[in-house]
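Trainee: Here's a sequence, model it:
(one chain, ligands or ions: 2)
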Amino acid sequence: MSKSLFEKIALVGIGLIGSSLARVIRREELAGHIAITTRSAGTVMRAEELKLGDSYTTDAKEAVSDADLVVVSVPVGASGAVAKEIAPALKKGAILTDVGSTKASVIAHMSPHVPEGVYFIPGHPLAGTEKSGPDAGFAELFENRWCIFTPLEGTEPAALEKLSDFWRRCGSYVDTMDPEHHDMTLAIVSHLPHIIAYNIVGTADDLETVTKSKVIKYSASGFRDFTRLAASDPLMWRDVCLHNRDAILEMLARFSEDLATLQRAIRWGEGDKLFDLFTRTRTIRRSVIEAGQDVEVPDFGRQAVGRPKVQQQQYQATGVCLAAPSRAAAPCCPRSRDE
Ligand SMILES: NC(=O)C1=CN([C@@H]2O[C@H](COP(=O)(O)OP(=O)(O)OC[C@H]3O[C@@H](n4cnc5c(N)ncnc54)[C@H](O)[C@@H]3O)[C@@H](O)[C@H]2O)C=CC1
Ligand SMILES: O=C(O)C(=O)Cc1ccc(O)cc1
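Mentor: Ligands and ions are numbered 1, 2, ... in the order given. Predicted coordinates:
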């Protein structure tokens with residue numbers, strides 16, 4: 001039997017992401033021992049019933065002691081408190097990582113607590129669903145998805161390589177970005193779609209009761225797609241909004257401007273404008289489908305460390321540079337460093 005990648009992995013938080021990790025770690029034999037901890041005794045019990053690990057405790061310090069890899073999978077607003085709690089028990093030489101949907105704020109809240117000799121490498125698997133809790137996870141969640149690291153300056157290359165290897169063996173492609181670029185990118189490709197979904201479903205819910213029953217009854221697939229996103233965990237998304245505030249506000253401002261332009265085109269019957277926009281966006285959908293799961297996130301100075309199949313069509317099709325302060329000022333994206 002081949003030796004495990006890590007002798008002991010501690011999973012702090014055992015919801016959708018933590019339990020999916022537990023399942024894939026077991027399947028791929030990535031750890032000699034899986035220690036599971038979360039703050040609620042009921043959730044720890046459920047994890048044990050599901051046989052997700054080898055040991056179970058609500059005592060986070062006990063779970064992380066002697067662990068070679070510690071993965072924090074809790075709502076981003078709780079990451080600082082969790083880091084503070086586990087810090088004294090972390091082993092010298094251990095890798096500490098997280099899976100939070102925002103990165104700059106997680107780094108700000110976790111890194112002050114990380115002891116000397118522990119390698120802290122923030123991460124974010126771009127994989128998930130609208131479900132939460134230990135029953136919702138599945139071993140295939142990370143397959144053919146990106147996992148982005150936002151390493152701190154001076155990160156030990158061997159530790160980054162080992163963590164990259166871990167995520168590759170979970171089925172993911174790995175990449176690095178700086179935290180601000182990550183947060184800006186995710187604001188448009190993930191956070192805004194969720195906010196729009198929460199808003200449109202809320203608007204429908206605010207309609208008069210008679211109309212509302214019709215909305216539910218006749219909801220077309222477009223509205224149904226929004227209701228899936230709008231069913232995502234409220235606490236997790238509250239935290240994402242509060243912890244990626246600036247990037248989300250920037251993207252919301254651009255979105256609102258574009259929506260006002262669209263509104264004006266509809267009001268004034270500017271059919272050509274509508275047709276042109278709808279044609280442009282259709283090409284994006286086509287390149288997303290063509291690219292399958294290997295869709296390239298917009299390039300913000302990315303450095304490939306995994307095995308990404310780089311797909312530039314999505315960006316090339318649009319020419320939209322999300323990183324630029326204004327689209328008019330910088331109509332093209334910087335090219336990736338490894339081109
Ligand atoms: N749900 C998704 O689709 C994705 C989520 N993420 C990120 O992964 C992290 C975890 O998300 P999920 O697994 O979906 O959430 P979840 O709600 O399914 O699980 C969260 C876990 O954290 C624990 N927890 C909650 N508050 C805590 C606290 N104050 N202290 C200690 N433990 C606490 C809960 O008991 C639970 O075990 C979040 O930071 C989220 O942003 C990343 C990618 C996708
Ligand atoms: O369910 C969906 O469509 C998602 O987009 C899941 C998701 C949620 C949060 C993340 O940080 C990454 C992925």
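
Trainee: Around ligand 1, which positions in this structure sit nearby?
Mentor: The chain has residues 13-18, 38-40, 43, 73-76, 78, 82, 99-101, 125, 128-129, 132-133, 233, 236, 240 near ligand 1, with proximity defined as CB under 6 Å from any ligand atom. For every residue, glycine as well, the C-beta is placed using N, CA and C.

Trainee: distance of Ile266 from ligand 2?
Mentor: To ligand 2, Ile266 is 28 Å away according to CB to the nearest ligand atom, to the nearest Å.

Trainee: Tell me which helix or strand that residue sits in.
Mentor: helix 245-267 (DSSP states H and E).

Trainee: which stretch of helix or strand covers Gly18?
Mentor: helix 16-28.

Trainee: So that helix, near ligand 2 or not?
Mentor: No: Helix 16-28 is not in contact with ligand 2 by CB under 6 Å from any ligand atom; minimum separation 8.9 Å.

Trainee: can you pull out the helices in the stretch 201-339 of the chain?
Mentor: 209-217, 221-230, 234-243, 245-267, 271-291, 313-318 (DSSP state H, counting those that start in this stretch).

Trainee: what angle do the longest one and helix 271-291 make?
Mentor: Angle of helix 245-267 versus helix 271-291, following axes from the mean of the first three to the mean of the last three CA atoms, to 10 degrees, is 130 degrees.

Trainee: for ligand 2, what are the nearby residues on this protein?
Mentor: So far as CB under 6 Å from any ligand atom goes, the chain lies against ligand 2 at 101, 126-130, 190.

Trainee: Most widely separated two among the residues you listed?
Mentor: Using CB to CB, the two most remote members of the residues of the chain next to ligand 2 are Leu126 and Glu130, lying 15.0 Å apart.

Trainee: doesn't Ala89 make contact with Ser65?
Mentor: Yes: judged on CB atoms under 8 Å, Ser65 makes contact with Ala89 at a distance of 4.6 Å.

Trainee: that older thread, more neighbours: Leu126 and Glu130, which one.
Mentor: Shown here are Leu126 and Glu130; by other CB atoms under 10 Å, Leu126 has more neighbours (20 against 15).

Trainee: From His33, how far off is the more buried one?
Mentor: 28 Å (CB to CB, to the nearest Å).

Trainee: sorry, back to before: flag every buried residue along the helix holding Ile266.
Mentor: For helix 245-267, the neighbour count (16 or more other CB atoms under 10 Å) marks 247-248, 250-252, 254, 265 as buried.

Trainee: now stretch 68-86
Mentor: Applying 16+ other CB under 10 Å to stretch 68-86 flags 68-80, 82-83, 85-86 as buried.

Trainee: how about the strands of the protein, start to end?
Mentor: With DSSP state E as the criterion, the chain has strands at 6-12, 31-37, 55-57, 69-72, 95-98, 119-121, 123-125, 146-149, 173-176, 303-304.
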